[in-house]
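**Q** here is my input; please provide its structure:
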Amino acid sequence: MKALYAQSGGVTSVINASAYGVIDEARKNGLEIYVGINGVTGILKERFLDATELDIEFLRYTPAGAFGSCRKKLKSDADIEKLFEIFRKNDIRYFFYNGGNDSMDTAWRLQAEAQKRGYELKVVGVPKTIDNDLPHTDHCPGYGSAAKYIAIAMMEAALDLRSMYVDSTQVFVMEIMGRHAGWLAAAAALGWVNGIGADIVLLPEEPFNKDEFISAVDNIVSRKGHCAIAVAEGLKYPDGFFVSDMGYTDSFGNRQLGGVGFTIAGMVRSELGLKTHVAIPDYLQRSGRHIASATDVQEAEMCGRMAVRYALEDNYGVMVTMERVSDEPYEIRYSSVPLNLVAEQTRMLPKDYFDKFMVTEKFFKYALPLIQGEPYPPFRNGLPDYKLLDLK
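**A** Okay, the predicted model is just below:
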């Protein structure tokens with residue numbers, strides 16, 4: 001029996017750990033396992049890699065999508081028709097799609113279409129997103145490592161700010177990924193468990209009030225001389241309009257965002273006359289494998305393994321989920337949810353996880369277990385020894 005795995009959407013520092021889990025588990029169960037290069041975009045071009053004998057150890061510590069990703073939305077009947085021609089031609093009977101909200105929509109469409117056509121295809125979604133916004137799962141692989149990166153980056157930047165504020169920068173602004181949900185921006189406050197973190201966190205879930213924000217910055221600077229601010233790219237005004245809307249959409253119809261950090265910094269400069277500095281981690285926050293979370297790596301791999309196990313148990317048309325059993329000691333169990341309940345849905349940061357410009361103790365209790373452990377990659381010449389596949 002032949003199985004196909006592919007990666008989709010924005011990558012993470014642990015998506016390849018999920019790939020390792022899928023491939024290794026498939027091989028252990030006697031499946032011929034292939035990988036689609038660049039997700040469904042590559043599959044439509046029959047760009048496959050036979051992973052049955054591939055050395056996959058490097059996947060455990062290499063960030064980003066080792067097999068290439070894509071942001072293609074299945075819009076046309078012609079694309080769907082061609083995909084099933086390719087599935088039939090190559091006798092693909094299992095399909096494991098590793099991605100986020102839009103990717104789960106693609107997986108659901110393929111499962112529904114297979115049933116409609118009477119084609120035996122078992123589709124299982126492997127969750128992935130640093131945004132942590134997939135519903136029906138406690139958290140998503142990729143989030144813990146990105147949250148850890150953001151927390152550390154904010155701690156170190158805040159220390160820099162503290163050193164220089166007397167006659168230099170007084171306000172530091174970090175722009176953090178998160179279109180609709182503030183899970184990742186909230187992580188900028190986690191450093192407070194060790195004594196330093198973001199002073200203000202601006203979340204998409206909290207409508208932005210400029211006057212209240214400026215007043216908060218003024219109070220903090222008056223008290224301590226400096227202020228570190230974390231802002232999610234999806235920050236919205238009370239009318240729902242994005243503060244950083246760039247005026248166009250991507251292939252999935254999502255509004256393209258960018259520059260909210262500079263917008264916020266500009267407000268501070270014009271209203272308070274303070275010197276500001278802006279940092280945008282961008283790709284760095286999602287592919288920072290050098291300081292990943294061990295919990296995240298282990299769970300990402302296990303989600304891949306569970307996807308194969310579920311498919312072999314005839315539990316398909318689902319996405320793998322994690323359910324939290326307890327916080328102390330931290331324990332989860334794996335389960336599944338129908339893909340149609342996940343597709344294009346967004347899980348927001350709960351209201352009791354934040355209070356105006358700061359996260360609450362409930363968020364700390366939720367997030368801290370997810371950033372534990374340091375599974376460092378191997379180093380060579382003083383640098384991570386990441387491996388690359390030739391995908392040409």
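
**Q** what about the residue in the chain sticking out farthest from the centre, distance to Tyr283?
**A** Here the centre of the chain is the reference, and by Cα atoms, centre = their mean the most remote residue is Asp167, at 37.7 Å. Distance, Asp167 to Tyr283, by Cβ to Cβ, to the nearest Å: 33 Å. C-beta coordinates here come from the backbone N, C-alpha and C atoms, glycine included.

**Q** if we can go back for a sec, surely the residue farthest from the centre of the chain forms part of a strand?
**A** No - with DSSP: H, G, I helix; E, B strand; the rest coil as the criterion, Asp167 is located in coil rather than a strand.

**Q** residue contacts, the residue nearest the centre of the chain?
**A** Taking Cα atoms, centre = their mean, the centroid of the chain lies closest to Ile130, which sits 1.7 Å from it. Counting by Cβ atoms under 8 Å, 6 or more residues apart in numbering, Ile130 touches Gly10, Thr12, Cys140, Gly142, Tyr143, Ser145, Ala146, Met177, Leu184, Gln285, Arg286.

**Q** can you check Ala265 too?
**A** With contacts defined as Cβ under 8 Å, 6+ apart, Ala265 is in contact with Val171, Val173, Thr276, His277, Val278.

**Q** now the helices: where do they sit in the chain?
**A** 15-28, 39-43, 77-89, 101-117, 143-164, 183-186, 210-224, 260-272, 283-286, 294-312, 361-367 (DSSP state H).

**Q** give me the residues contacting the fourth one.
**A** Counting contacts by Cβ under 8 Å, 6+ apart, the residues outside helix 101-117 that touch it are 8-9, 39-40, 71-74, 80, 83-84, 95, 97, 99, 120-121, 123-125, 127-129, 133-134, 252, 316-317, 319, 339-340, 342-346.

**Q** mind running it again at 7 Å?
**A** 8-9, 40, 73-74, 80, 83-84, 95, 97, 121, 123, 125, 133-134, 252, 317, 319, 339-340, 342-346 (Cβ atoms under 7 Å, 6 or more residues apart in numbering).

**Q** in that helix, what counts as buried?
**A** 101-111, 113-114 (16 or more other Cβ atoms under 10 Å).

**Q** tabulate these (TSV), appending distance to Ile214.
**A** As requested, the buried residues of helix 101-117 are arranged in TSV below (distance: Cβ to Cβ, whole Å):
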residue	distance to Ile214
Asn101	34
Asp102	36
Ser103	39
Met104	40
Asp105	40
Thr106	43
Ala107	45
Trp108	44
Arg109	46
Leu110	49
Gln111	50
Glu113	52
Ala114	55
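
**Q** in JSON lines: the residues you listed, plus pLDDT and distance to Tyr20.
**A** Converted to JSON lines, the buried residues of helix 101-117 look like this (pLDDT from 0 to 100; distance: Cβ to Cβ, whole Å):
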{"residue": "Asn101", "pLDDT": "88", "distance to Tyr20": "23"}
{"residue": "Asp102", "pLDDT": "88", "distance to Tyr20": "23"}
{"residue": "Ser103", "pLDDT": "92", "distance to Tyr20": "18"}
{"residue": "Met104", "pLDDT": "94", "distance to Tyr20": "21"}
{"residue": "Asp105", "pLDDT": "92", "distance to Tyr20": "25"}
{"residue": "Thr106", "pLDDT": "92", "distance to Tyr20": "22"}
{"residue": "Ala107", "pLDDT": "94", "distance to Tyr20": "20"}
{"residue": "Trp108", "pLDDT": "95", "distance to Tyr20": "25"}
{"residue": "Arg109", "pLDDT": "93", "distance to Tyr20": "27"}
{"residue": "Leu110", "pLDDT": "95", "distance to Tyr20": "23"}
{"residue": "Gln111", "pLDDT": "96", "distance to Tyr20": "24"}
{"residue": "Glu113", "pLDDT": "94", "distance to Tyr20": "29"}
{"residue": "Ala114", "pLDDT": "96", "distance to Tyr20": "26"}
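
**Q** fine by me, we can end here.
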